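> structure, please.
(chains A, B, C and D)
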There are 2 protein chains.
Amino acid sequence: MRPEDLPEIRHLSLFRDMSQVNFNALMDSSYAQIFPPSLDLIRQGDLADFLHIVLDGSVELYASWGERECTMAVVEPVSTFILAACIRDAPYLMSARTLERTRIILVPSSDLRAMFRRDTEFAVAVINELAACYRSVVRSAKALKLRNSRERVAAYLLRQSLLAGGVLSYRLPVEKRLLASYLGMTPENLSRTLRALEAEGVKIDGARVIITDRDRLSDLARPDLLIDGPDLDALGAGASLPHARRGA
Amino acid sequence: MRPEDLPEIRHLSLFRDMSQVNFNALMDSSYAQIFPPSLDLIRQGDLADFLHIVLDGSVELYASWGERECTMAVVEPVSTFILAACIRDAPYLMSARTLERTRIILVPSSDLRAMFRRDTEFAVAVINELAACYRSVVRSAKALKLRNSRERVAAYLLRQSLLAGGVLSYRLPVEKRLLASYLGMTPENLSRTLRALEAEGVKIDGARVIITDRDRLSDLARPDLLIDGPDLDALGAGASLPHARRGA
DNA sequence: CCGAAAACTTGACACAGATCAAAGCAGGCT
DNA sequence: AGCCTGCTTTGATCTGTGTCAAGTTTTCGG
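Residues are numbered from 1 along each chain as shown, chains lettered A, B, ... in the order given. Next up, the predicted model:
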């Protein structure tokens, strides 16, 4: 692990409040590793040996059942994933693969479990993180059950615009194929839906999104605080995709 | 609150390991209340003032968006609900209504938040509870995205049979209307699907389910440990419905 | 025990979304 | 640069699921 990584990790809400000694102890038993793109890091069903912290690159969390699979989230630096499985000492419910060349810190889950018994501040941080993750998945389950795919796409486009700072133009931060899977639809259907939305206040050109009539799009998406955030919740790794960036 | 309630609450994994003094303190600031059937206990969006513990009766957790609504879970005695919102001191993401006459203990969420800073065993219990809830919602999100409605129904029927102890005949523990909503489909569609499944190894007679060919049904449902459990996870209030009972 | 209200079922139909197939297009690699 | 793989789009078609409407059954309160 590089020394310059430590401050970044320390800055995560999960590790921010614990004592320096305990933080050091945790980091001492951890190690960094670099993975090439499209590499499977975790297979669902395996036992959760390590908490993962993404430092560079990005990681897709996905679930599979038989032949089918679907994207559950994408994790970007700097954040952690599969905390819950580590804590329960249980099999992972999701698989993980790198989307690009990715550097990851691995924290042994046994150390983790020992640590929150010793460090109250850490325990409180874990509690907050888990509660946030939980709420984040609940939000996406609500979206899935309450909205149809057109509404989900519209809400997604609108939300990205807000996350990028209210801009009217931005680039999709993930491939459409992946976005489709995340939104619970086929790539073909997403493609058509994006096309159809051009009559509803948004122009799509490749990965570029241009919102031409925010109110109109908003009428369709009917964004909802309790589904779309603004989530102080899902800032950690819950069940969301990367944010669009201002000016990108 | 009745004195005889305390042991039952104390027995919950959430409260089992904390010190007696702290448990008493928490209970002292709590109070019981009895609600009639079909009463709205919680409206999504309200601030989370109390952790709820169901002692008698049952409670439906549901989400709404505009006119639409859907069932997220049903909570039965003795267990807690909306822990995550209490911890985050955030608005509820779900609404709650009683399904029958229901007795509930209300624990002020401020006391709760103070308590896990003071009592490490309680903090650990909260961590475990939240991790379990999280995993439970992930499971149901996976089911929703990976299976079609017929597969979800088949898996549900099979799972209930196992939860009731592997029986081949049991009664549905909830109304079909509610089950449909939980499974993300319309009542009409559920009705037709149940009918169609009669060619696949189950017989449905009103609320009675008779599994006539477990293997055949299993082939269709393809039950999966990482979706359907057996979840040591969702024994608490995650995102599940009541279990069928042996002999019912 | 009866009547009203609610839950459930069934049928006809419409539409959203999946699938299959094939044609562009773009990005990465040698 | 140029090829090749994999993403994306488009079209045609089909299936699953929702909707509307009417009927039946069950439940529950008086």
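> what does chain A have sitting close to DNA strand C?
A:148-150, A:184-186, A:188-189, A:193, A:206 (C-beta under 7 Å from any atom of the strand). Any C-beta I mention is one placed from the backbone N, CA and C, and that applies to glycine too.
> could you redo the last one with a cut-off of 6 Å?
Taking C-beta under 6 Å from any atom of the strand as the contact definition, chain A meets DNA strand C at A:148-150, A:185-186, A:188-189.
> does the longest helix along chain A reach DNA strand D?
Across chain A, the longest stretch assigned as helix under DSSP state H is helix A:120-146. No. Counting by C-beta under 6 Å from any atom of the strand, DNA strand D has no neighbours in helix A:120-146; the shortest distance is 9.0 Å.
> and that helix, how far from the chain's centre?
12 Å (C-alpha atoms, centre = their mean, to the nearest Å).
> what does the helix or strand just after that helix contact?
Per DSSP states H and E, the first helix or strand lying C-terminal to helix A:120-146 is helix A:149-163. In this structure, residues lying in contact with helix A:149-163 by C-beta atoms under 8 Å, 6 or more residues apart in numbering or on different chains are A:143-144, A:147, A:167-168, A:170, A:172-173, A:179, A:183-185, A:189-190, A:193-194, A:196-197, A:200, A:202, A:209, A:211, A:214, A:217-218, A:220-223, A:227-230, A:243-244.
> also stretch A:180-196?
A:62, A:69-74, A:144, A:149-150, A:152-153, A:156, A:174, A:176-177, A:179, A:204, A:241, B:144-145.
> whatever residue of chain A ends up closest to DNA strand D: neighbour count?
Closest residue of chain A to DNA strand D, C-beta to the nearest atom of the strand: residue A:177 (3.0 Å). By the criterion of other C-beta atoms under 10 Å in any protein chain shown, residue A:177 has 13 neighbours.
> now residue A:13
14.
> which non-adjacent residue is nearest it?
Closest residue to residue A:13 apart from its sequence neighbours, by C-beta to C-beta, 6 or more residues apart in numbering or on different chains: residue A:125 at 6.2 Å.
> so that neighbour touches residue A:14, yeah?
Yes. Assessed by C-beta atoms under 8 Å, residue A:125 is found in contact with residue A:14 at 5.1 Å.
> which of the two has more neighbours?
residue A:14 (23 against 19).
> helix or strand for the more buried one, which one?
Short version: residue A:14 belongs to no helix or strand, going by DSSP H and E.
> what's the separation between the residue of chain A most remote from its centre and chain B?
Distance from the centre of chain A peaks at residue A:199, with 30.1 Å (C-alpha atoms, centre = their mean). As judged by C-beta to the nearest C-beta, to the nearest Å, residue A:199 and chain B stand 21 Å apart.
> can you check residue A:194 too?
20 Å.
> gap between that residue and residue A:141?
From residue A:194 across to residue A:141, the span is 24 Å (C-beta to C-beta, to the nearest Å).
> neighbour count winner among those two?
residue A:141 (24 against 21).
> contacting residues for the more buried one?
By C-beta under 8 Å, 6+ apart, the neighbours of residue A:141 are B:72, B:137, B:140-141, B:144, B:239.
> can we see that at 7 Å?
If a contact means C-beta atoms under 7 Å, 6 or more residues apart in numbering or on different chains, then residue A:141 has B:137, B:140-141, B:144 as its contacts.
> just the buried subset of the residues you listed, please.
Those of the contacts of residue A:141 that meet the buried threshold are B:137, B:140-141, B:144, by 16 or more other C-beta atoms under 10 Å in any protein chain shown.
> adding pLDDT and distance to residue B:82, write these out as a markdown table.
As requested, these are arranged in a markdown table below (pLDDT from 0 to 100; distance: C-beta to C-beta, whole Å):
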| residue | pLDDT | distance to residue B:82 |
| --- | --- | --- |
| B:137 | 95 | 13 |
| B:140 | 95 | 17 |
| B:141 | 97 | 18 |
| B:144 | 97 | 21 |
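> just give the nearest non-adjacent residue to residue A:238, would you?
residue A:136 (2.3 Å).
> over to residue A:65?
Computed as C-beta to C-beta, 6+ apart, the closest residue to residue A:65 that is not its neighbour in sequence is residue B:146, at 4.1 Å.
> wouldn't that neighbour be in contact with residue A:67 here?
No. Taking contacts as C-beta atoms under 7 Å, residue B:146 lies outside contact range of residue A:67: 10.0 Å.
> between those two, which is the more surrounded one?
residue B:146 (20 against 6).
> so who does residue A:128 touch?
Taking C-beta under 7 Å, 6+ apart as the test, what residue A:128 contacts is A:13, B:87.
> what residues does chain A put near DNA strand D?
Going by C-beta under 6 Å from any atom of the strand, the residues of chain A near DNA strand D are A:175-177, A:187-188, A:191-192, A:195.
> now those residues in a markdown table, with distance to residue B:97?
Conversion of the residues of chain A next to DNA strand D to a markdown table gives the following (distance: C-beta to C-beta, whole Å):
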| residue | distance to residue B:97 |
| --- | --- |
| A:175 | 41 |
| A:176 | 39 |
| A:177 | 40 |
| A:187 | 39 |
| A:188 | 39 |
| A:191 | 40 |
| A:192 | 38 |
| A:195 | 41 |
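> for those, which one is nearest DNA strand C?
The closest of these, once distances to DNA strand C are taken by C-beta to the nearest atom of the strand, is residue A:188, at 3.9 Å.
> element containing residue A:17, please.
In this assignment (DSSP H and E), residue A:17 forms part of neither any helix nor any strand.
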